[in-house]
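Student: Dropping the sequence and predicted coords here.
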Amino acid sequence: QVQLVESGGGLVQAGGSLRLSCAASISIRSINAMRWYHQAPGKQRELVAAITAGSTTNYANSVKGRFTISRDNAKNTVYLQMNSLKPEDTAVYYCNAEVTHYSGAVYYTKDYWGQGTQVTVSS
């Protein structure tokens, strides 16, 4: 089992910044990819940003140039720096980890989720 704990959400005015953190209970070097999703009320959960074990990143078009995902292997933590926030960024942000397990001579991947952290951007 892998536990993920998010922090850093809150209320901020449009144009402001927040940094979200996701602390993992295992070494993130062993995690295939870590991702941030967000889910606004009444909408589906959407991918915001992702970073692989090799530090390759990708972003949703809506956040490119404003958000940055990064990792600190020593702290087993992934961050999402969010700048130039807009009211439409308001959502619950979830951390996700894709982990490969080995059991019974079989490799399989499993997704783990944090509890979510609320980000509210006022206009």
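Tutor: Yep, that arrived.
Student: ok, the spatially most central residue of the chain to Tyr108 distance?
Tutor: Most central in the chain under C-alpha atoms, centre = their mean is Trp36, positioned 2.4 Å from the mean C-alpha point. As judged by C-beta to C-beta, to the nearest Å, Trp36 and Tyr108 stand 23 Å apart. In short, each C-beta sits where N, CA and C put it, glycine included.
Student: and what of Ile69?
Tutor: Ile69 sits 25 Å away from Tyr108, going by C-beta to C-beta.
Student: So for those two, which sits in the more crowded spot?
Tutor: Ile69 (22 against 10; other C-beta atoms under 10 Å).
Student: Got the confidence number for that one?
Tutor: In this prediction, Ile69 carries a pLDDT score of 98.
Student: I'd like the mean pLDDT over the lengthiest strand in the chain, please.
Tutor: Across the chain, the longest stretch assigned as strand under DSSP state E is strand 91-103. Strand 91-103 carries an average pLDDT of 95.
Student: Stretch 5-18 now?
Tutor: The model assigns stretch 5-18 a mean pLDDT of 97.
Student: hmm, who's touching it?
Tutor: 19-23, 81-87, 93-95, 114-123 (C-beta atoms under 8 Å, 6 or more residues apart in numbering).
Student: tell me which residues of it are tucked away?
Tutor: 6, 8-9, 12, 18 (16 or more other C-beta atoms under 10 Å).
Student: Out of these, which comes closest to Lys43?
Tutor: Top of the list for closeness to Lys43, among the buried residues of stretch 5-18 and by C-beta to C-beta, is Gly9 at 17.3 Å.
Student: show me the contacts for the closest residue to that closest one other than its chain neighbours.
Tutor: Excluding the flanking residues, the one nearest Gly9 by C-beta to C-beta, 6 or more residues apart in numbering is Thr117, at 3.4 Å. Shown in contact with Thr117 (C-beta under 8 Å, 6+ apart): 6-9, 20, 92-93.
Student: go on, Ser70?
Tutor: 51, 78-79, 81.
Student: mind putting the residues you listed in JSON lines, distance to Gly42 included?
Tutor: Formatted as JSON lines, those follow (distance: C-beta to C-beta, whole Å):
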{"residue": "Ile51", "distance to Gly42": "28"}
{"residue": "Val78", "distance to Gly42": "27"}
{"residue": "Tyr79", "distance to Gly42": "28"}
{"residue": "Gln81", "distance to Gly42": "27"}
